[in-house]
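Peer 1: please find the sequence and the predicted model below.
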Amino acid sequence: MKFILGKKIEMAQIWQGDKVAAVTKVEAGPCVIAQIKGKTKDGYEAMQIGFGAKKEKNIKKPQIGHMKKISTQAIASAIGGKGSVSGGKKNLKYLREFRIDNINKDLKVGDIINVSTFALNDVINVSGISKGKGFQGVVKRFKLSGAPATHGNKDQLRMTGSIGSSGPAHVFKNRRMPGRMGGDKKTISNLKIINIDAPNNLLYIKGAVPGIKGGLLLITGDGELKVEKISPESNARENKKAGNQASKDLAKNQVGKDRFANLAQEIKDKISQPRIIKSINILEEKNNLDLVSMIAKVINKEIEYSQLKNHLMEFYNFDEAKAGELDKELKEKVFIEVSDYLQ
(Lines give C-alpha, C1' and ligand atoms only; values in the text may rest on other atoms or scores of the structure.)
Protein backbone atom coordinates (compact mmCIF):
# COMPACT_ATOMS: atom_id res chain seq x y z
CA MET A 1 0.00 0.00 0.00
CA LYS A 2 1.16 3.53 -0.75
CA PHE A 3 -0.02 6.65 1.00
CA ILE A 4 0.65 10.34 1.56
CA LEU A 5 -0.74 13.30 3.50
CA GLY A 6 -2.00 16.35 1.67
CA LYS A 7 -3.81 19.66 1.93
CA LYS A 8 -6.92 20.53 -0.06
CA ILE A 9 -6.24 23.63 -2.18
CA GLU A 10 -9.31 24.20 -4.36
CA MET A 11 -11.52 22.72 -7.06
CA ALA A 12 -10.75 23.38 -10.71
CA GLN A 13 -11.37 22.11 -14.24
CA ILE A 14 -9.08 20.18 -16.55
CA TRP A 15 -9.78 19.62 -20.23
CA GLN A 16 -9.20 16.12 -21.55
CA GLY A 17 -9.55 16.41 -25.30
CA ASP A 18 -12.97 17.94 -25.90
CA LYS A 19 -14.29 16.99 -22.44
CA VAL A 20 -13.86 18.88 -19.19
CA ALA A 21 -13.36 17.16 -15.83
CA ALA A 22 -14.00 18.62 -12.39
CA VAL A 23 -10.92 18.03 -10.24
CA THR A 24 -9.68 18.78 -6.73
CA LYS A 25 -6.24 20.33 -6.51
CA VAL A 26 -4.31 18.81 -3.57
CA GLU A 27 -0.88 19.75 -2.22
CA ALA A 28 0.44 16.27 -1.39
CA GLY A 29 3.61 16.01 0.69
CA PRO A 30 6.48 15.91 0.88
CA CYS A 31 6.09 13.82 4.04
CA VAL A 32 8.77 12.41 6.31
CA ILE A 33 8.65 8.99 7.98
CA ALA A 34 8.54 9.79 11.71
CA GLN A 35 8.17 6.29 13.19
CA ILE A 36 7.98 2.66 12.10
CA LYS A 37 6.05 0.34 14.41
CA GLY A 38 6.54 -3.43 14.55
CA LYS A 39 4.71 -6.38 16.07
CA THR A 40 7.51 -7.19 18.50
CA LYS A 41 7.48 -3.85 20.29
CA ASP A 42 4.11 -2.31 19.46
CA GLY A 43 1.90 -5.34 18.74
CA TYR A 44 1.07 -4.26 15.19
CA GLU A 45 2.76 -2.96 12.05
CA ALA A 46 2.27 0.66 11.04
CA MET A 47 4.09 3.69 9.75
CA GLN A 48 3.75 7.23 11.09
CA ILE A 49 4.46 10.11 8.72
CA GLY A 50 4.61 13.87 9.25
CA PHE A 51 3.49 16.74 7.03
CA GLY A 52 3.41 20.54 7.12
CA ALA A 53 5.20 23.19 9.15
CA LYS A 54 4.42 24.49 12.63
CA LYS A 55 6.12 26.89 15.04
CA GLU A 56 7.95 25.07 17.82
CA LYS A 57 6.32 27.22 20.52
CA ASN A 58 2.98 25.69 19.51
CA ILE A 59 4.20 22.08 19.77
CA LYS A 60 3.92 20.24 23.09
CA LYS A 61 7.13 18.93 24.63
CA PRO A 62 6.26 15.20 24.28
CA GLN A 63 5.80 15.69 20.53
CA ILE A 64 9.07 17.64 20.28
CA GLY A 65 10.86 14.77 22.02
CA HIS A 66 9.14 12.25 19.76
CA MET A 67 10.47 14.03 16.65
CA LYS A 68 14.08 14.28 17.85
CA LYS A 69 14.87 10.97 16.14
CA ILE A 70 14.26 12.60 12.73
CA SER A 71 17.22 14.38 11.16
CA THR A 72 17.06 18.13 10.62
CA GLN A 73 17.74 17.62 6.90
CA ALA A 74 14.73 15.32 6.59
CA ILE A 75 12.50 17.85 8.36
CA ALA A 76 13.76 20.62 6.06
CA SER A 77 13.01 18.49 3.00
CA ALA A 78 9.54 17.60 4.28
CA ILE A 79 8.39 21.11 5.08
CA GLY A 80 9.95 22.53 1.93
CA GLY A 81 11.59 25.49 3.61
CA LYS A 82 8.45 26.52 5.53
CA GLY A 83 8.88 27.22 9.24
CA SER A 84 12.13 27.26 11.20
CA VAL A 85 14.49 24.30 11.29
CA SER A 86 17.47 26.16 12.75
CA GLY A 87 19.01 24.88 15.96
CA GLY A 88 17.64 21.40 15.41
CA LYS A 89 13.98 22.48 15.64
CA LYS A 90 11.54 19.90 14.31
CA ASN A 91 8.34 21.62 13.23
CA LEU A 92 6.00 19.02 11.71
CA LYS A 93 2.38 20.16 11.90
CA TYR A 94 0.60 16.83 11.35
CA LEU A 95 1.51 13.27 12.37
CA ARG A 96 -0.69 10.44 11.06
CA GLU A 97 -0.36 6.67 11.19
CA PHE A 98 -1.10 4.10 8.48
CA ARG A 99 -1.46 0.37 9.19
CA ILE A 100 0.69 -1.78 6.88
CA ASP A 101 1.34 -5.49 6.60
CA ASN A 102 4.92 -6.61 5.90
CA ILE A 103 6.74 -3.28 6.00
CA ASN A 104 9.69 -3.05 3.62
CA LYS A 105 12.90 -3.37 5.66
CA ASP A 106 14.60 -0.74 3.48
CA LEU A 107 12.29 1.99 4.79
CA LYS A 108 13.88 4.08 7.55
CA VAL A 109 12.90 6.97 9.78
CA GLY A 110 13.73 10.20 7.92
CA ASP A 111 12.89 8.90 4.43
CA ILE A 112 10.81 11.29 2.32
CA ILE A 113 7.49 10.41 0.62
CA ASN A 114 6.43 12.68 -2.25
CA VAL A 115 3.97 12.65 -5.17
CA SER A 116 6.31 10.48 -7.27
CA THR A 117 4.97 7.46 -5.35
CA PHE A 118 1.72 7.89 -7.34
CA ALA A 119 1.14 7.64 -11.10
CA LEU A 120 -1.44 8.89 -13.57
CA ASN A 121 -4.77 7.01 -13.46
CA ASP A 122 -4.04 5.53 -10.02
CA VAL A 123 -7.26 4.71 -8.18
CA ILE A 124 -7.12 6.08 -4.65
CA ASN A 125 -9.16 6.59 -1.48
CA VAL A 126 -9.23 10.04 0.14
CA SER A 127 -10.17 10.62 3.78
CA GLY A 128 -10.79 13.96 5.49
CA ILE A 129 -13.00 15.81 7.95
CA SER A 130 -16.20 16.98 6.27
CA LYS A 131 -17.36 20.59 6.45
CA GLY A 132 -19.17 21.44 9.68
CA LYS A 133 -22.69 22.72 9.07
CA GLY A 134 -23.83 23.36 12.64
CA PHE A 135 -27.21 22.33 14.12
CA GLN A 136 -29.57 21.27 11.34
CA GLY A 137 -33.08 19.90 11.02
CA VAL A 138 -34.09 16.49 9.68
CA VAL A 139 -34.87 17.72 6.15
CA LYS A 140 -31.30 18.90 5.55
CA ARG A 141 -29.57 16.40 7.84
CA PHE A 142 -31.31 13.18 6.74
CA LYS A 143 -33.17 14.25 3.56
CA LEU A 144 -36.57 13.55 5.09
CA SER A 145 -39.47 14.83 3.00
CA GLY A 146 -41.15 16.84 5.74
CA ALA A 147 -44.93 17.19 6.13
CA PRO A 148 -47.49 17.81 3.36
CA ALA A 149 -47.79 21.48 2.45
CA THR A 150 -51.61 21.51 2.08
CA HIS A 151 -54.79 19.93 3.52
CA GLY A 152 -54.86 21.87 6.74
CA ASN A 153 -51.13 21.81 7.51
CA LYS A 154 -49.66 24.96 8.96
CA ASP A 155 -46.03 25.71 9.99
CA GLN A 156 -45.17 22.00 9.84
CA LEU A 157 -43.36 21.70 6.50
CA ARG A 158 -39.92 20.86 7.92
CA MET A 159 -40.95 19.35 11.26
CA THR A 160 -39.66 15.98 12.42
CA GLY A 161 -43.08 14.42 12.83
CA SER A 162 -43.75 11.46 15.10
CA ILE A 163 -40.73 10.09 16.97
CA GLY A 164 -42.44 6.96 18.34
CA SER A 165 -45.69 5.43 19.53
CA SER A 166 -47.15 5.67 22.99
CA GLY A 167 -46.85 1.89 23.47
CA PRO A 168 -43.13 1.58 24.36
CA ALA A 169 -43.36 5.01 26.02
CA HIS A 170 -39.82 5.98 25.04
CA VAL A 171 -37.83 7.06 21.99
CA PHE A 172 -35.73 4.30 20.47
CA LYS A 173 -32.01 4.78 19.88
CA ASN A 174 -30.79 5.92 16.45
CA ARG A 175 -34.01 7.82 15.75
CA ARG A 176 -33.29 10.39 13.06
CA MET A 177 -33.72 13.77 14.70
CA PRO A 178 -32.26 17.31 14.46
CA GLY A 179 -28.67 17.72 15.62
CA ARG A 180 -25.11 18.69 14.73
CA MET A 181 -24.27 18.00 11.11
CA GLY A 182 -20.85 17.61 9.47
CA GLY A 183 -17.40 17.64 11.03
CA ASP A 184 -17.08 13.85 10.68
CA LYS A 185 -14.36 11.73 9.12
CA LYS A 186 -15.42 10.75 5.61
CA THR A 187 -13.71 8.57 3.01
CA ILE A 188 -14.36 8.84 -0.72
CA SER A 189 -13.31 5.67 -2.56
CA ASN A 190 -12.28 4.95 -6.15
CA LEU A 191 -11.18 8.44 -7.11
CA LYS A 192 -8.73 8.76 -9.99
CA ILE A 193 -5.56 10.85 -10.33
CA ILE A 194 -5.71 12.55 -13.72
CA ASN A 195 -2.70 14.88 -13.45
CA ILE A 196 0.48 15.19 -11.36
CA ASP A 197 2.58 18.35 -10.96
CA ALA A 198 5.71 16.88 -9.32
CA PRO A 199 7.79 20.11 -9.02
CA ASN A 200 4.97 21.77 -7.06
CA ASN A 201 3.87 18.62 -5.16
CA LEU A 202 0.35 18.78 -6.59
CA LEU A 203 -2.14 16.02 -7.35
CA TYR A 204 -5.24 16.65 -9.48
CA ILE A 205 -7.92 14.21 -8.33
CA LYS A 206 -11.07 13.72 -10.38
CA GLY A 207 -14.16 14.60 -8.35
CA ALA A 208 -14.70 16.14 -4.93
CA VAL A 209 -12.98 15.24 -1.67
CA PRO A 210 -14.12 15.88 1.93
CA GLY A 211 -13.31 18.98 3.91
CA ILE A 212 -12.62 22.68 3.71
CA LYS A 213 -9.89 24.46 1.77
CA GLY A 214 -6.66 23.91 3.67
CA GLY A 215 -8.03 20.78 5.37
CA LEU A 216 -5.84 17.72 5.94
CA LEU A 217 -6.35 14.75 3.60
CA LEU A 218 -5.16 11.15 3.92
CA ILE A 219 -4.58 9.62 0.48
CA THR A 220 -4.10 5.87 0.06
CA GLY A 221 -3.83 3.53 -2.91
CA ASP A 222 -2.61 0.12 -4.00
CA GLY A 223 0.98 -0.32 -5.07
CA GLU A 224 4.53 -0.01 -3.81
CA LEU A 225 5.48 2.90 -1.59
CA LYS A 226 8.42 4.81 -3.11
CA VAL A 227 10.61 7.00 -0.91
CA GLU A 228 13.47 9.43 -1.33
CA LYS A 229 16.52 8.69 0.80
CA ILE A 230 18.40 11.44 2.67
CA SER A 231 22.16 10.92 2.36
CA PRO A 232 24.03 10.13 5.61
CA GLU A 233 26.53 12.87 4.80
CA SER A 234 23.76 15.46 4.80
CA ASN A 235 22.40 14.10 8.09
CA ALA A 236 25.82 14.27 9.74
CA ARG A 237 26.45 17.78 8.46
CA GLU A 238 23.07 19.06 9.64
CA ASN A 239 23.35 17.35 13.04
CA LYS A 240 26.82 18.85 13.54
CA LYS A 241 25.49 22.27 12.61
CA ALA A 242 22.59 21.87 15.06
CA GLY A 243 25.00 20.74 17.79
CA ASN A 244 27.25 23.76 17.22
CA GLN A 245 24.25 26.09 17.43
CA ALA A 246 23.14 24.44 20.68
CA SER A 247 26.65 24.89 22.13
CA LYS A 248 26.62 28.57 21.18
CA ASP A 249 23.20 29.05 22.81
CA LEU A 250 24.42 27.32 25.99
CA ALA A 251 27.54 29.50 26.13
CA LYS A 252 25.45 32.62 25.57
CA ASN A 253 23.13 31.69 28.43
CA GLN A 254 26.13 31.09 30.73
CA VAL A 255 27.53 34.54 29.88
CA GLY A 256 24.12 36.00 30.67
CA LYS A 257 24.10 34.34 34.10
CA ASP A 258 27.58 35.68 34.89
CA ARG A 259 26.38 39.23 34.21
CA PHE A 260 24.09 38.99 37.27
CA ALA A 261 26.77 37.53 39.57
CA ASN A 262 26.40 40.35 42.15
CA LEU A 263 22.70 39.70 42.84
CA ALA A 264 21.32 37.60 45.70
CA GLN A 265 21.23 33.90 44.76
CA GLU A 266 17.44 33.56 44.88
CA ILE A 267 16.90 36.59 42.64
CA LYS A 268 19.81 35.58 40.39
CA ASP A 269 18.25 32.14 39.75
CA LYS A 270 14.96 33.74 38.71
CA ILE A 271 16.41 36.46 36.48
CA SER A 272 18.99 34.13 34.87
CA GLN A 273 16.53 31.68 33.33
CA PRO A 274 17.43 30.92 29.66
CA ARG A 275 14.25 32.45 28.24
CA ILE A 276 14.80 35.68 30.23
CA ILE A 277 18.47 35.89 29.19
CA LYS A 278 17.34 35.36 25.59
CA SER A 279 14.78 38.19 25.93
CA ILE A 280 17.45 40.52 27.37
CA ASN A 281 19.82 39.73 24.47
CA ILE A 282 17.07 40.42 21.93
CA LEU A 283 16.11 43.73 23.59
CA GLU A 284 19.79 44.80 23.76
CA GLU A 285 20.29 44.10 20.06
CA LYS A 286 17.01 45.79 19.17
CA ASN A 287 17.77 48.99 21.15
CA ASN A 288 21.59 48.91 20.76
CA LEU A 289 22.36 49.40 24.47
CA ASP A 290 23.51 47.50 27.57
CA LEU A 291 20.46 46.79 29.73
CA VAL A 292 22.05 44.52 32.35
CA SER A 293 23.40 47.28 34.61
CA MET A 294 20.03 49.04 34.58
CA ILE A 295 18.17 45.77 35.30
CA ALA A 296 20.52 45.09 38.23
CA LYS A 297 19.87 48.60 39.60
CA VAL A 298 16.11 48.05 39.37
CA ILE A 299 16.38 44.72 41.20
CA ASN A 300 18.63 46.34 43.88
CA LYS A 301 16.01 49.12 44.08
CA GLU A 302 18.46 51.84 43.11
CA ILE A 303 15.93 52.70 40.38
CA GLU A 304 12.24 52.67 41.29
CA TYR A 305 10.36 49.95 39.42
CA SER A 306 7.36 52.24 38.91
CA GLN A 307 9.60 55.01 37.49
CA LEU A 308 11.37 52.84 34.90
CA LYS A 309 9.77 54.63 31.96
CA ASN A 310 10.86 58.06 33.25
CA HIS A 311 14.41 56.71 33.81
CA LEU A 312 14.58 55.52 30.19
CA MET A 313 13.44 58.93 28.94
CA GLU A 314 15.90 60.86 31.15
CA PHE A 315 19.10 58.79 30.90
CA TYR A 316 18.77 57.24 27.42
CA ASN A 317 17.00 60.18 25.73
CA PHE A 318 14.15 57.97 24.52
CA ASP A 319 10.94 59.61 23.39
CA GLU A 320 7.81 58.75 25.36
CA ALA A 321 6.54 56.15 22.86
CA LYS A 322 9.86 54.26 22.65
CA ALA A 323 10.39 54.43 26.43
CA GLY A 324 6.85 53.14 27.00
CA GLU A 325 7.38 50.25 24.59
CA LEU A 326 10.70 49.17 26.19
CA ASP A 327 9.22 49.60 29.69
CA LYS A 328 6.34 47.28 28.76
CA GLU A 329 8.65 44.67 27.20
CA LEU A 330 11.00 44.67 30.21
CA LYS A 331 8.14 44.21 32.66
CA GLU A 332 6.50 41.45 30.60
CA LYS A 333 9.61 39.51 29.54
CA VAL A 334 12.32 40.24 32.14
CA PHE A 335 10.88 41.40 35.46
CA ILE A 336 7.89 39.04 35.36
CA GLU A 337 9.61 36.48 37.63
CA VAL A 338 10.59 39.06 40.29
CA SER A 339 7.63 41.45 40.05
CA ASP A 340 6.41 40.51 43.56
CA TYR A 341 9.84 41.36 45.00
CA LEU A 342 9.98 44.73 43.20
CA GLN A 343 6.50 45.97 44.10
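Peer 2: Structure received.
Peer 1: now do the contacts for the closest residue to Val139 other than its chain neighbours.
Peer 2: Spatial nearest neighbour of Val139, excluding adjacent residues (Cβ to Cβ, 6 or more residues apart in numbering): Arg158 at 4.7 Å. (Glycine included, C-beta is placed from N, CA and C.) Neighbour list for Arg158: 137-139, 146-147 [criterion: Cβ atoms under 8 Å, 6 or more residues apart in numbering].
Peer 1: if we go to 10 Å?
Peer 2: Contact analysis of Arg158 by Cβ atoms under 10 Å, 6 or more residues apart in numbering lists 137-140, 144-147, 178.
Peer 1: likewise Ser116?
Peer 2: Shown here is Ser116, whose contacts under the criterion Cβ under 10 Å, 6+ apart are 29-30, 196, 198, 201, 226-228.
Peer 1: what about the strands in the stretch 151-300 of the chain?
Peer 2: 179-181, 185-197, 202-206, 216-221 (DSSP state E, counting those that start in this stretch).
Peer 1: let me redo that: the stretch 1-150 of the chain
Peer 2: Assigned by DSSP E, counting those that start in this stretch, the stretch 1-150 of the chain shows strands spanning 2-16, 19-28, 31-37, 46-53, 92-99, 112-113, 123-129, 134-136.
Peer 1: out of the ones you listed, the one nearest Phe335 is which?
Peer 2: For Phe335, the closest of the strands of the stretch 1-150 of the chain is strand 46-53, at 33.4 Å, according to Cβ to Cβ.
Peer 1: now the closest one, how far from the centre of its chain.
Peer 2: 11 Å (Cα atoms, centre = their mean, to the nearest Å).
Peer 1: and what of stretch 36-46?
Peer 2: Relative to the centre of its chain, stretch 36-46 is centred 26 Å away, using Cα atoms, centre = their mean.
Peer 1: what distance separates the opening and closing residues of it?
Peer 2: 6 Å (Cα to Cα, to the nearest Å).
Peer 1: now do the buried residues in that stretch.
Peer 2: For stretch 36-46, the buried set under the neighbour-count rule, 16 or more other Cβ atoms under 10 Å, comprises 36-37, 45-46.
Peer 1: how near is Glu27 to Lys213?
Peer 2: 11 Å (Cβ to Cβ, to the nearest Å).
Peer 1: looking at those two, which has the bigger crowd around it?
Peer 2: Set side by side, Glu27 and Lys213 show more neighbours around Glu27, with 20 against 11, by other Cβ atoms under 10 Å.
Peer 1: the more buried one touches Asn114, doesn't it?
Peer 2: No - between Glu27 and Asn114 there is no contact, the gap being 11.2 Å when judged by Cβ atoms under 10 Å.
Peer 1: if we can go back for a sec, closest one to Ile9 among the strands of the stretch 151-300 of the chain?
Peer 2: Of all these, it is strand 202-206 that lies closest to Ile9, at 7.6 Å by Cβ to Cβ.
Peer 1: list the buried residues in that closest one.
Peer 2: By neighbour count on 16+ other Cβ under 10 Å, the buried set for strand 202-206 is 202-206.
Peer 1: hang on, the earlier thing: out of the strands of the stretch 1-150 of the chain, which gets nearest to Ile64?
Peer 2: Nearest to Ile64, of the strands of the stretch 1-150 of the chain and by Cβ to Cβ, is strand 92-99 at 10.0 Å.
Peer 1: which strands or helices does the closest one pack on?
Peer 2: Judged by 3 or more Cβ pairs under 10 Å, 6 or more residues apart in numbering; DSSP states H and E, strand 92-99 is in contact with strand 2-16, strand 31-37, strand 46-53, helix 61-66, helix 72-79, strand 216-221.
Peer 1: so can I have TSV of the contacts of Arg158 showing distance to Ala74 and pLDDT?
Peer 2: Output for the contacts of Arg158, formatted as TSV (distance: Cβ to Cβ, whole Å; pLDDT from 0 to 100):
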residue	distance to Ala74	pLDDT
Gly137	49	94
Val138	50	93
Val139	51	94
Lys140	46	94
Leu144	52	90
Ser145	55	89
Gly146	56	86
Ala147	60	87
Pro178	48	94
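Peer 1: those in helices, which ones?
Peer 2: 138-140 (DSSP state H).
Peer 1: returning to that earlier point: any chance of the strands of the stretch 151-300 of the chain in JSON lines, with mean pLDDT and distance to Val109 too?
Peer 2: Below are these laid out as JSON lines (pLDDT from 0 to 100; distance: least, Cβ to Cβ, whole Å):
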{"stretch": "strand 179-181", "mean pLDDT": "95", "distance to Val109": "39"}
{"stretch": "strand 185-197", "mean pLDDT": "94", "distance to Val109": "26"}
{"stretch": "strand 202-206", "mean pLDDT": "94", "distance to Val109": "25"}
{"stretch": "strand 216-221", "mean pLDDT": "94", "distance to Val109": "20"}
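Peer 1: could I get the ones you listed as JSON lines with distance to Leu95?
Peer 2: Output for the strands of the stretch 151-300 of the chain, formatted as JSON lines (distance: least, Cβ to Cβ, whole Å):
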{"stretch": "strand 179-181", "distance to Leu95": "27"}
{"stretch": "strand 185-197", "distance to Leu95": "16"}
{"stretch": "strand 202-206", "distance to Leu95": "21"}
{"stretch": "strand 216-221", "distance to Leu95": "11"}
